[in-house]
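In: only geometry, no sequence info:
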């Protein structure tokens, strides 16, 4: 679809004419209820690029705005060359029932605000607005599916269509792929559309106040999703393969559904807020708590909880816990070990095991009372069984998702004794490693330090002589030390979701490297010559970086069988080229070598 040619304003046509304020009738007389705009409004819009017609009692959009420059009367005081294209149109809070197909004439439009009107559909011609970044059509009567052409709005990042009558049908496809913020709350959706799995940039999704009973597993593909609001729906279960697989999720709102159990969220390593108020929870399985150890706010009010799991102390980051209006008569003693818990709500429970004066003393008094009831012998037993808990018979040490700031020395000593070959310390708050870890340098082949707080790679890692897999994703690394070159055995290196602006030079000193994952960083350039030195490299993941171009010489890395490049800034190879696979992309790059 070609854009309409912008017409030049004839300077001879700019001559003084009758001008009103706001709206005028067809004779140019002031008339706030008319559908013609005054010259003052037209000229202000042509000068600023923004047209604001909010709350004007309009039943239709004035036709003048579709050919704004033609509608401006001659005026010698106006400098025609200072006119600009309309980039922002605000027609909110009116009684408009339809937007004309001529909206395509506003080809430079970036923001369309039409909330609080009487619209029943979005015109197909919106798809011609390739610079459109934001649409707000909330609080209308939209029942028709989004137009097929909406998918063509490649710049669209914000879509607000809440408080309409939209159904799931029609949302299963034709969704712009670069959306970041989507609000479809207060509609008639019955499920979260599977098409949302294509939204790789989506960070906020609000589908609350619908009739949703099904969440598609395709939602798990939204790796950037941080805030998901599913409140006020008809959910009886939350599939772990859908919501539980979102690695960037920090807030999950499940308030006012029909859940009878807490969802499994083992892969949500960044989850901070979990809201499960007003459901039908009767109990919480102890096995689920290690999967939400990063949670700081946990709201469980207005359920049917009669007891709490004994291991609540694994929620080491918990600061707010709302248990009001349940059926609790007691609290587990280990709740008293949560030193970060500052806000504890217990109103509306038949609490009998704790004296009223202690309850009135607030969280501090309650936690102190509970912690004093924990026997010292119980702490000794916990220390004695730590190795049995975290070291498997298959020689794997798993001390992950505990929010720990350090690794117990006794655990590492036991790992040496049991000849552990894999160590998983992911999902904690580690920023350093103990030197005791060096005792494992001749036996460990896989070390997982993902999802921690490392700003630099601890020196002890460079001494692991038989290490084959090193996972460092989701940390705060800006580079790697040259000493890592000592680990010549390394086959797999995960560095996704860090703060890298380039591939660390030491990587090119690892000749046996087969897999290099660098997605979700800030890498802006590639050294194709250096990459060719990695003759064993078969997988290279550079998705979601800042690459503005690709060196054609990258095509000479013919050993690559998987080259992932989605989510960058370059236009060549095209998106269609990338979909044809690695072999095609490499050949395309080689064709451009001069």
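Out: That came through, no problem. Note that the structure is predicted; figures quoted are calculated from it, not measured.
In: Okay, helices next: where are they in this protein?
Out: Here the chain has its helices, by DSSP state H, at 39-48, 68-71, 356-360, 362-372, 376-384, 386-390, 409-417, 528-531, 575-579, 582-590.
In: Format those helices as a markdown table; extra columns: mean pLDDT.
Out: Output for those, formatted as a markdown table (pLDDT from 0 to 100):
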| stretch | mean pLDDT |
| --- | --- |
| helix 39-48 | 84 |
| helix 68-71 | 74 |
| helix 356-360 | 90 |
| helix 362-372 | 90 |
| helix 376-384 | 50 |
| helix 386-390 | 68 |
| helix 409-417 | 87 |
| helix 528-531 | 93 |
| helix 575-579 | 86 |
| helix 582-590 | 91 |
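In: tell me the most buried of these?
Out: Ranked by mean neighbour count under mean count of other Cβ atoms under 10 Å, these are led by helix 39-48, which reaches a mean of 18. Where you see a C-beta, it was placed from the backbone N, CA and C, and this is true even at glycine.
In: and that one, how far out from the chain's middle?
Out: 39 Å (Cα atoms, centre = their mean, to the nearest Å).
In: Low-confidence regions, the chain specifically.
Out: 1-35, 73-82, 170, 172-174, 376-388 (pLDDT under 70).
In: for the residue nearest to the spatial centre of the chain, what are its contacts?
Out: The centre of the chain sits closest to residue 225, judged by Cα atoms, centre = their mean, with a distance of 2.3 Å. By Cβ atoms under 8 Å, 6 or more residues apart in numbering, the contact set of residue 225 is 202-205, 219, 246, 248-249.
In: Which one, of the helices of the chain, ends up nearest to residue 291?
Out: Nearest to residue 291, of all these, is helix 386-390, at 15.7 Å by Cβ to Cβ.
In: So which of the contacts of residue 225 belong to strands?
Out: Using DSSP state E, 204-205 are the members of the contacts of residue 225 that sit in strands.
In: would you turn the contacts of residue 225 into a markdown table with neighbour count and distance to residue 473?
Out: Below are the contacts of residue 225 laid out as a markdown table (neighbours: other Cβ atoms under 10 Å; distance: Cβ to Cβ, whole Å):
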| residue | neighbour count | distance to residue 473 |
| --- | --- | --- |
| 202 | 27 | 20 |
| 203 | 18 | 18 |
| 204 | 17 | 23 |
| 205 | 23 | 23 |
| 219 | 23 | 21 |
| 246 | 24 | 15 |
| 248 | 19 | 12 |
| 249 | 25 | 16 |
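In: So which of the contacts of residue 225 is the closest to residue 559?
Out: residue 248 (31.5 Å).
In: who's in contact with the closest one?
Out: 203, 223-226, 270.
In: The same query, at a cut-off of 7 Å, please.
Out: Residues near residue 248 by Cβ atoms under 7 Å, 6 or more residues apart in numbering: 223-226, 270.
In: now residue 402
Out: Counted by Cβ under 7 Å, 6+ apart, residue 402 has contacts 293, 314, 428.
In: how about a cut-off of 6 Å?
Out: Shown in contact with residue 402 (Cβ atoms under 6 Å, 6 or more residues apart in numbering): 293, 428.
In: Would you mind measuring from it to residue 272?
Out: Counting by Cβ to Cβ, to the nearest Å, the gap from residue 402 to residue 272 is 16 Å.
In: same question, residue 67
Out: On the measure of Cβ to Cβ, residue 67 and residue 272 end up 50 Å apart.
In: Of those two, give the one with the bigger neighbour count.
Out: Shown here are residue 67 and residue 272; by other Cβ atoms under 10 Å, residue 272 has more neighbours (17 against 13).
In: residues contacting that one?
Out: Contact partners of residue 272, counting by Cβ under 6 Å, 6+ apart, are 250, 296.
In: how about 7 Å then?
Out: Per Cβ under 7 Å, 6+ apart, neighbours of residue 272: 250-251, 294-297.
In: Which single one of those residues is nearest to residue 449?
Out: Nearest to residue 449 among the contacts of residue 272, with distances taken as Cβ to Cβ, is residue 294, at 16.0 Å.
In: quick one, phi/psi of the residue nearest to the centre of the chain?
Out: Note on residue 225: its backbone torsions stand at phi -60, psi 120 [degrees, to the nearest 10].
In: among the contacts of residue 272, which are in strands?
Out: Per DSSP E, the contacts of residue 272 map to strands at 251, 297.
In: need the contacts of residue 272 in CSV with neighbour count and distance to residue 39, can you?
Out: Shown next, in CSV, are those (neighbours: other Cβ under 10 Å; distance: Cβ to Cβ, whole Å):
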residue, neighbour count, distance to residue 39
250, 18, 50
251, 17, 49
294, 24, 59
295, 24, 59
296, 18, 56
297, 17, 54
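In: out of the contacts of residue 272, which one sits closest to residue 521?
Out: Taking Cβ to Cβ as the measure, residue 521 lies nearest residue 250 of the contacts of residue 272, at 19.5 Å.
In: gap between that closest one and residue 270?
Out: Taking Cβ to Cβ, one finds residue 250 at 5 Å from residue 270.
In: contacting residues around stretch 99-110?
Out: Contact with stretch 99-110 is made by 3-4, 61, 66-67, 85-89, 114, 119, 123, 125-126, 128-129, 131-134, as judged by Cβ under 7 Å, 6+ apart.
In: and stretch 403-415, how far apart are its ends?
Out: Length of stretch 403-415, first residue to last, Cα to Cα, to the nearest Å: 20 Å.
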